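> Using only what follows, build the 3D model:
(one chain, ligands or ions: 1)
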Amino acid sequence: MDLIRLKNVEKRYKNGVTAIYDLNLAIEKGSFVFIIGGSGSGKSTLIKMLYREERPTKGQVIVGGLDVAKLRNKKVYKLRRKLGIVFQDYRLLPKLTVYENVAFAMECIGAKKDVIRKNVLKALEDVGLKNKVHDYPTNLSGGEQQRVAIARAIVNNPKLLLCDEPTGNLDPERSMEIMKVLDDINKNRGTTIIMATHDKEIVNKMKKQVITLKDGHLVNYKQKGTYVDESV
Ligand code: ADP
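Numbers count the residues shown, from 1 in each chain. Now for the predicted structure:
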């Protein structure tokens, strides 16, 4: 079954730049998909349309059965509850501990304390940080901070995890640790993962599905792809 479907999607920003042209895409539940392409090729714009940070100017974006472009602002929470998001720059709250950072999202939706505790500890275990629950983000390495951000993104058991350049600030070794964590989440939790990156080494090592964008056009969609096209 498809978790995501894009039909004839175009995104033209107000300044006249078209970031995505006539994009058609179907992503099955449980997939792990890389979105690759050079800077300015439309990767972030595509990710942003999936969580309704941006609306398409034409076409349809369906995520988990929701017609995202048509969703009223008041109903965006319905979409956001289906997904978790990880960014390049972690975006943790510095005054909260690791546990509190991960618990925060669940507190916001009014979950019960015992459920929060169970989910937070499981999420931190899944990213290998159960021993750091009481630490503050500033005492953690970049790789560890990103793992906290991943735990926060999966704590509500979303169907979809969106990652926009999650290894962009990390060295190759830490990057591969993050990829192992994401691969385990995909395999063990069945979470669909979509990750924008321009890191060729990672894409070639992981052998996942690869969507290649170039100047806003989809130029390739491979099932077990590598980052071979040197021109993108
Ligand atoms: P990538 O993530 O692949 O680097 P982006 O999706 O960020 O690409 O950008 C695609 C194109 O859209 C670029 O030409 C960029 O300058 C433009 N763009 C991105 N965001 C905006 C915006 N908010 N307003 C206007 N143009 C934008």
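> what kind of secondary structure is the closest residue to residue 217 other than its chain neighbours in?
What sits nearest to residue 217 in space, not counting adjacent residues and going by CB to CB, 6 or more residues apart in numbering, is residue 21, at 5.3 Å. To be clear about C-beta, it is placed using only N, CA and C from the backbone, and glycine gets the same treatment. In terms of secondary structure, residue 21 is strand; the call rests on DSSP: H, G, I helix; E, B strand; the rest coil.
> who's in contact with the most centrally placed residue in the chain?
The centroid of the chain falls nearest to residue 162 when counting by CA atoms, centre = their mean (1.4 Å). Counting by CB atoms under 8 Å, 6 or more residues apart in numbering, residue 162 touches 47, 50-51, 83-86, 194-195.
> Next, residue 128: secondary structure please.
The three-state label for residue 128, taken from three-state DSSP, comes out as coil.
> I'd like to know how far residue 170 sits from residue 17.
For residue 170, the distance to residue 17 under the criterion CB to CB, to the nearest Å works out to 30 Å.
> Repeat that for residue 69.
Look at residue 69 and residue 17: by CB to CB, they are 19 Å apart.
> These two: who's more crowded?
Neighbour count, other CB atoms under 10 Å: between residue 69 and residue 17, residue 69 has more, with 17 against 11.
> by contact count, what packs against the helix or strand bottoming out on mean pLDDT in the chain?
Confidence across the helices and strands of the chain bottoms out at strand 217-222, with a mean of 91, counting by mean pLDDT, DSSP states H and E. In terms of contacts (3 or more CB pairs under 8 Å, 6 or more residues apart in numbering; DSSP states H and E), strand 217-222 is packed against strand 18-28, strand 209-214.
> now this protein, which segments are flagged as low pLDDT?
228-232 (pLDDT under 70).
> so where do the strands sit in it?
Defined through DSSP state E, the strands belonging to the chain, from first to last, are 2-12, 18-28, 32-36, 58-63, 66-67, 83-86, 160-164, 192-196, 209-214, 217-222.
> Residue 146 is in contact with residue 163, isn't it?
No - the pair residue 146 / residue 163 is not scored as a contact, 9.6 Å apart, by CB atoms under 8 Å.
> what does the chain have sitting close to the ligand?
Taking CB under 6 Å from any ligand atom as the test, the list of the chain residues beside the ligand reads 13, 15, 17, 19, 37, 39-45.
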